[in-house]
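Whatever this is, show me its structure:
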Amino acid sequence: MSNAALVTAGWTRLAEEGEEGPDAYVAAPAKGVPAATVVVGMELFGVTAWVRKVCERFAEAGYVAVAPDFYWRGARRAELGYDDAGRQEGFRLLGGLTREGVVADTAAAAEAGAGRGAAGGRAFVGFSLGGHLGVLAATRLPLDLVVSCYGGWTLDGGIPLAEPEPPLSVTGATAIGRNGTTVLGLVGDQDFLVTADEWQRLGHRLRETGVRHELHVHAGAAHGFMCEDRPGSHHGAAAEAAWDRILGALDRLSPRRD
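Here you go, the predicted structure:
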């Protein structure tokens, strides 16, 4: 997916409040001024090879992409398999995440993009767990855009990170609207985690709290449909349509005025 002549990419360690923070995979255009910063939110399985390829695809499109290792406080650079053992370990590490940690890691990643000369706004594009993390971060940080690709537990909770209130409680959604963040939500109609009823109620919550948003359902697609490294759930046509929507939303970003 990447082209070495077009992209520079590699791991770096971010700083938080003057101290060492998470490792992050950073990809940027090899030439020119990056159009914006994209924080990439990992799946349950960590900053995997696929997540790194996603960063490189954003870099090829002209953005600085930063994928922080949100698990770093429990295990640095955990890269888990797409199997039951990997899923079990992922949920164990997920149980150690805190809201304060997610927000701090997101802020550090966004600053890292700005430090590499990104000219435009700040976006968070997250996949599954990463979709949840992006929505959560948007309740505390003035992000321009959050793209939640089949992000779970945002409305009804179901994980410790979503307690005592999930990020799309009335309070959380109101904060996102107040921050001026646009939410782009993408899901498949075969998703086992985000049901059609929840998706409908999610849209109602965003409308009632004044959050600018677009929600799209991709026919025939299951949970995780964008990840080609998971052939059991990957849906090529839906994935490319989702990429078109994501890149279109990023293209509409304008520099923040504050």
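
which element is the residue of the chain most remote from its centre on?
If you look at how far each residue of the chain sits from its centre, by CA atoms, centre = their mean, the farthest one is residue 5, at 26.1 Å. Of the helices and strands defined by DSSP states H and E, none includes residue 5.

Please report the distance of it from residue 171.
Separation of residue 5 from residue 171 (CB to CB, to the nearest Å) stands at 47 Å. C-betas here are computed from N, CA, C, even on glycine.

Can I get stretch 129-142 as CSV, trimmed to CA atoms?
Included here for stretch 129-142 are C-alpha records, laid out as CSV according to Å, rounded to 0.1, in the frame of the first residue of the first chain:
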residue,chain,number,x,y,z
LEU,A,129,-12.3,0.1,19.5
GLY,A,130,-10.5,3.1,17.8
GLY,A,131,-13.9,4.5,16.8
HIS,A,132,-14.9,4.5,20.5
LEU,A,133,-11.6,6.2,21.4
GLY,A,134,-12.1,8.9,18.9
VAL,A,135,-15.6,9.7,20.0
LEU,A,136,-14.4,9.7,23.6
ALA,A,137,-11.5,12.0,22.8
ALA,A,138,-13.9,14.4,21.1
THR,A,139,-15.8,15.0,24.3
ARG,A,140,-12.7,16.6,25.8
LEU,A,141,-10.6,17.9,22.9
PRO,A,142,-11.6,20.4,20.1
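
Give me the distance between that stretch and the centre of its chain.
8 Å (CA atoms, centre = their mean, to the nearest Å).

Now do the buried residues in it.
129-141 (16 or more other CB atoms under 10 Å).

Go through those residues and say which is closest to residue 116.
residue 141 (18.6 Å; CB to CB).

hang on, that closest one packs against residue 109?
No. The criterion here is CB atoms under 8 Å, and residue 141 misses it with residue 109 at 10.5 Å.

Narrow the buried residues of stretch 129-142 to those in helices?
In this view, those that belong to helices under DSSP state H are 129-138.

contacts for stretch 204-221?
Contacts with stretch 204-221, where a contact means CB atoms under 8 Å, 6 or more residues apart in numbering, come from 155, 168, 170, 173-174, 176-177, 180-191, 196, 199, 202-203, 225, 235, 238-239, 241-242, 245, 249.

and those, which are buried?
Neighbour counting over these (16+ other CB under 10 Å) leaves 155, 168, 173-174, 176-177, 181-188, 190-191, 199, 202-203, 225, 235, 238-239, 241-242, 245, 249 as the buried ones.
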